[in-house]
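Trainee: sequence plus the predicted model coming up.
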Amino acid sequence: MRTGEPLPAVRDVLAALATGMWRWDTATGTVTVDAETARLLGLPPEPAVLTEAQVRARLHPADWNEITGVVQLAAAEHTLAEVRVRIMDEQNRIIRVVRSRSKPTYDPRRKAYELIGTLQEVAEPIPGSPAGRSKVTGDWRRSREAFLLDAGRALAEARSTAEVLRVTANLSMPGFSPDGMAVFRVEGDRLTVIGHHGQQPGDETPFMNMSLDTNYPAAEVVRTGRAVYLSSPEEYRSRYPLTWPLAQRFNRRSWAFLPLIVSGRTMGAWMAAFGHPVAFTPDERSVLTTVARMLAQALARAGTAETQRELSENLQRSMMPSLGPEVPGMEVAARYIPTGGGLQVGGDWYDMIPLPKSTSRSGTRSGTDRFALVIGDVQGHDVRAAGLMGQLRVALRAYAAEGHPPDAVLSRASRFLYGMTDDGDGDGGDCADSRFATCLYAEVDPHSGVVEIARAGHPDPVIRMADGTVLLRLTAGGLPLGVDPDADYPTTRFALEPGETMMFCTDGLIETGGHDLDTGWQRIRTVLEEHKGTTEELADALVQAVHGPSSHYTTGPLIDRREDDIAVLLLSRRSGDRALPTVRRTLLTVAQAEPERVSVARRQLREVLHDWASEDQVDSAVLLLSEMLTNVLVHTDADALLLAEVEGEKGERRLRVEVTDSGDDLPHKRRPGELASSGRGLVLIEMLADAWGVVPQGQGKSTWFELHERPREHVNA
């Protein structure tokens with residue numbers, strides 16, 4: 001060509017180079033090709049307008065699937081899309097390998113891609129060569145897919161920002177693993193390094209607190225949302241001359257800076273630096289882009305989890321009180337364990353409230369060290385439940401500070417919660433988010449050990465006696481708080497003896513792990529009976545029994561194994577320097593208006609005798625107790641007071657059961673006929689008891705019997 005002659009037409013140049021041209025519009029699904037492109041596709045060498053199906057039929061299936069990803073990546077990065085594909089004939093034989101280069105654009109209005117590109121035949125790559133790593137051989141593609149699966153799984157399992165950064169630093173990309181990595185995060189209008197790998201500690205200092213206007217690749221990536229690929233130091237120096245001296249000392253040969261985008265917002269940038277030259281082919285860019293997307297999602301999840309964890313911990317600390325100063329003669333321990341999901345806080349709570357001093361009619365001051373223990377559970381495990389729990393706890397403290405007795409405190413608290421969750425029409429049942437709460441309120445006098453309990457739908461307290469015997473202390477109760485504004489809450493009064501421990505808990509301690517109230521109670525009872533340490537150690541042991549490693553081997557019979565919050569409160573009365581008593585004792589009142597409490601008395605007696613040597617003697621004791629209590633309810637107008645005591649060493653113990661009433665008529669033996677429905681009580685006592693008697697008192701009488709422990713074979717004999 002002589003100087004000054006016009007340049008040949010582009011079509012002529014491409015024809016001389018055996019290069020075809022084509023245009024693909026995904027909206028219409030048509031591909032326009034020239035004669036050379038048609039020839040390369042194995043079609044007659046003439047211009048044509050083909051459908052996508054016609055073109056796809058001429059390409060290898062694996063290569064066609066690869067084209068979509070390459071096009072989307074190139075359109076997102078505003079780069080060229082380059083692919084190598086195999087052309088197939090009608091017998092599915094490979095006739096040639098071609099390379100296509102195109103410039104894709106995306107039309108958001110039509111939601112379609114438009115591509116204009118070239119097609120040129122290339123030599124078949126040698127397996128194992130750099131070109132052979134392409135999708136034509138398939139080996140590198142399969143390695144890439146396996147790597148992305150492993151990377152995605154590892155990043156999905158990371159639970160904190162530190163774990164995400166550690167996983168990213170250990171990623172081994174197929175064929176081009178970086179030997180340096182840094183993660184940048186946007187904080188306002190600044191960019192800072194939150195983690196790096198492959199550099200020495202302190203090397204990140206120049207890149208900390210960097211302005212987004214800085215002439216630095218990571219800053220540009222954040223500003224534009226587009227990746228930056230630098231294949232050589234010369235390219236880095238020419239594009240970013242101001243910050244090149246900062247990167248030069250690391251002696252890297254190639255760099256990739258990719259945006260970390262979550263929900264359309266650029267939260268930072270990821271740098272992958274290589275000690276060897278990397279061309280950043282479309283396949284390599286696709287891998288890096290996919291890793292950057294997974295990394296951004298993992299960092300977002302970890303950040304959200306850490307924020308929720310910090311919020312729940314602060315919320316828990318503000319709502320869970322300290323147990324206050326040490327109480328003379330008493331030990332108090334408490335634990336709260338959330339479910340493990342969500343905000344890590346729910347509706348369970350406990351509290352210890354100092355009570356005001358009271359003045360008797362004689363003018364003396366009493367109850368100077370009295371305090372109240374409260375434990376409760378608001379329905380639900382969400383923020384609403386946590387908020388109601390905090391408000392209800394404050395209300396209970398206020399009512400207790402006014403000096404109200406336990407029943408009045410719970411009555412006022414129930415009215416308070418009902419008013420908060422009622423929708424205003426007075427029926428309390430149509431509110432979109434009406435809630436109730438179970439609660440147990442115990443007023444304690446540390447000097448005498450007297451405990452007064454009012455219970456609102458909450459599990460009964462448990463007593464661990466000085467010798468390790470564990471009893472479920474059944475108490476009177478009412479409806480859960482917030483159900484009925486006029487509900488009554490009867491009070492149960494008993495004494496905590498020296499050396500005894502009382503446990504209050506929410507149902508999460510009992511029912512966690514698929515247990516119901518019966519099987520869960522047996523699991524907790526075993527821990528209480530076998531524990532030998534302090535009150536604090538006992539609290540830890542109870543939690544470990546439910547959430548520790550051994551809990552996975554003691555799951556309950558229920559299919560539904562949803563977890564629940566756990567709150568535990570322990571109150572121990574010190575024994576001082578005295579030897580621990582060897583007497584077990586239970587005291588219970590059976591009123592004329594409450595005949596159903598006879599069954600409660602039978603259950604209490606069985607628990608007192610849970611380790612008695614002979615089951616037959618236990619059955620006999622329960623039968624005799626029923627006869628004595630029923631005799632009082634049927635033949636008098638008085639209430640019955642039960643006192644059961646076990647004393648002595650195991651194997652040689654003595655049980656004494658005494659029922660006292662205010663009736664003056666003494667029982668006497670009768671000889672009932674075969675069809676008589678009564679009159680056998682004293683006959684049974686005389687037959688089954690080792691000793692018995694009736695003791696008249698100043699007002700009323702006391703009927704008692706004794707059983708001496710002996711092995712089963714002696715009883716049968």
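Mentor: Done, it's in.

Trainee: spit out the contact partners of residue 293.
Mentor: If you count contacts by C-beta atoms under 8 Å, 6 or more residues apart in numbering, residue 293 has them with residue 261. Backbone N, C-alpha and C define where each C-beta goes, glycine included.

Trainee: so it is in which element?
Mentor: Element membership for residue 293, per DSSP states H and E: helix 282-319.

Trainee: what packs against the helix or strand following that helix?
Mentor: Tracing the chain past helix 282-319, the next element assigned as helix or strand by DSSP H and E is strand 330-337. Taking 3 or more C-beta pairs under 8 Å, 6 or more residues apart in numbering; DSSP states H and E as the contact definition, the neighbouring helices and strands of strand 330-337 are strand 348-354, helix 535-547, strand 566-573.

Trainee: how far does the first one sit from its chain's centre?
Mentor: Read that as strand 348-354. In terms of C-alpha atoms, centre = their mean, to the nearest Å, the gap separating the centre of strand 348-354 from the centre of its chain is 23 Å.

Trainee: partners of it, with directions?
Mentor: Strand pairing for strand 348-354, using DSSP bridges, gives strand 371-378 (antiparallel).

Trainee: tilt between the following helix or strand past the partner strand and strand 348-354?
Mentor: Counting by DSSP H and E, the next helix or strand C-terminal to strand 371-378 is helix 383-401. Taking axes from the mean of the first three to the mean of the last three C-alpha atoms, to 10 degrees, helix 383-401 and strand 348-354 form an angle of 20 degrees between their directions.

Trainee: let's see the pLDDT reported for residue 550.
Mentor: According to the model's per-residue confidence, residue 550 sits at a pLDDT of 65.

Trainee: can you check residue 378 too?
Mentor: For residue 378, the model assigns a pLDDT of 87.

Trainee: in the helix holding residue 293, what counts as buried?
Mentor: Of the residues in helix 282-319, those buried by neighbour count under the rule 16 or more other C-beta atoms under 10 Å are 282-303, 312, 315-316, 319.

Trainee: before we move on, what about stretch 269-286?
Mentor: 269-274, 278, 280-286.

Trainee: with stretch 166-183 instead?
Mentor: Under the neighbour-count criterion of 16+ other C-beta under 10 Å, stretch 166-183 has 167-169, 171, 173-174, 176, 178, 180-183 buried.

Trainee: thinking again about what came up before, pLDDT (mean, whole number) over the helix holding residue 293?
Mentor: The predicted model assigns helix 282-319 a mean pLDDT of 79.

Trainee: off-centre distance for it?
Mentor: Between the mean C-alpha point of helix 282-319 and the mean C-alpha point of its chain there is a distance of 17 Å (C-alpha atoms, centre = their mean).

Trainee: what angle sits between that helix and strand 348-354?
Mentor: Interaxial angle of helix 282-319 relative to strand 348-354 (the same axes, to 10 degrees): 30 degrees.

Trainee: test my guess that residue 441 contacts residue 409.
Mentor: Yes: distance between residue 441 and residue 409: 5.5 Å, which falls inside the contact criterion (C-beta atoms under 8 Å).

Trainee: show me which of the two is the more surrounded one.
Mentor: Taking other C-beta atoms under 10 Å, residue 441 and residue 409 do not tie; residue 441 has more neighbours (30 against 27).

Trainee: that one and residue 614, how far apart?
Mentor: Taken as C-beta to C-beta, to the nearest Å, the spacing of residue 441 relative to residue 614 amounts to 40 Å.

Trainee: kindly report the same for residue 55.
Mentor: As judged by C-beta to C-beta, residue 55 and residue 614 stand 92 Å apart.

Trainee: and if you look at residue 260?
Mentor: For residue 260, the distance to residue 614 equals 74 Å [C-beta to C-beta].

Trainee: so for these two, which residue has more residues nearby?
Mentor: Each of residue 260 and residue 614 has its neighbours counted (other C-beta under 10 Å); residue 260 has more, 24 against 19.

Trainee: now do the same contact list for that one.
Mentor: Contacts were defined as C-beta under 8 Å, 6+ apart; by that measure residue 260 touches 183, 266-270, 292, 295-296, 299.

Trainee: same question, residue 327
Mentor: For residue 327, the residues meeting the contact criterion (C-beta under 8 Å, 6+ apart) are 369, 371, 446.

Trainee: redo that, cut-off 10 Å
Mentor: Taking C-beta atoms under 10 Å, 6 or more residues apart in numbering as the definition of contact, the neighbours of residue 327 are 352, 354, 369-371, 444, 446, 571, 573-574.

Trainee: out of the residues you listed, which is nearest to residue 628?
Mentor: Among the contacts of residue 327, residue 573 lies closest to residue 628 (C-beta to C-beta), at 30.4 Å.

Trainee: excluding chain neighbours, what is closest to the closest one?
Mentor: Taking C-beta to C-beta, 6 or more residues apart in numbering as the measure, residue 573 lies nearest to residue 496, with 4.9 Å between them; neighbours along the chain are not counted.

Trainee: one more: residue 216?
Mentor: Nearest in space to residue 216, with sequence neighbours left out and distances taken as C-beta to C-beta, 6+ apart, is residue 243 at 4.4 Å.

Trainee: my guess is that neighbour meets residue 217, correct?
Mentor: Yes: under the criterion of C-beta atoms under 10 Å, residue 243 lies in contact with residue 217, with a separation of 7.9 Å.

Trainee: name the residues contacting each of those two.
Mentor: When contacts are counted by C-beta under 10 Å, 6+ apart, residue 243 and residue 217 are jointly contacted by residue 236.

Trainee: any weak-confidence spans in the stretch 1-150 of the chain?
Mentor: 1-5, 124-144 (pLDDT under 70).

Trainee: could you pull out the strands in it for me?
Mentor: 19-25, 30-33, 48-51, 81-88, 94-107, 112-122 (DSSP state E, counting those that start in this stretch).

Trainee: one step back: between all of the contacts of residue 327, which two are separated the most?
Mentor: For the contacts of residue 327, and using C-beta to C-beta, no pair is farther apart than 354 and 574, which are 19.2 Å apart.

Trainee: find me the pLDDT at residue 341, would you?
Mentor: Residue-level pLDDT assigned to residue 341 equals 47.

Trainee: please apply the same query to the one 10 residues further on.
Mentor: According to the predicted model, the pLDDT of residue 351 comes to 90.

Trainee: show me the beta-bridge partners of it.
Mentor: Note on residue 351: beta-bridge partners residue 374, judged by DSSP bridges.

Trainee: neighbours of it, how many?
Mentor: Look at residue 351: counted by other C-beta under 10 Å, it has 22 neighbours.

Trainee: mind checking how far it is from residue 209?
Mentor: As for residue 351, its distance to residue 209 is 45 Å (criterion: C-beta to C-beta).

Trainee: over to residue 469?
Mentor: Distance, residue 469 to residue 209, by C-beta to C-beta: 66 Å.

Trainee: also residue 652?
Mentor: With distances taken as C-beta to C-beta, residue 652 is found 80 Å from residue 209.
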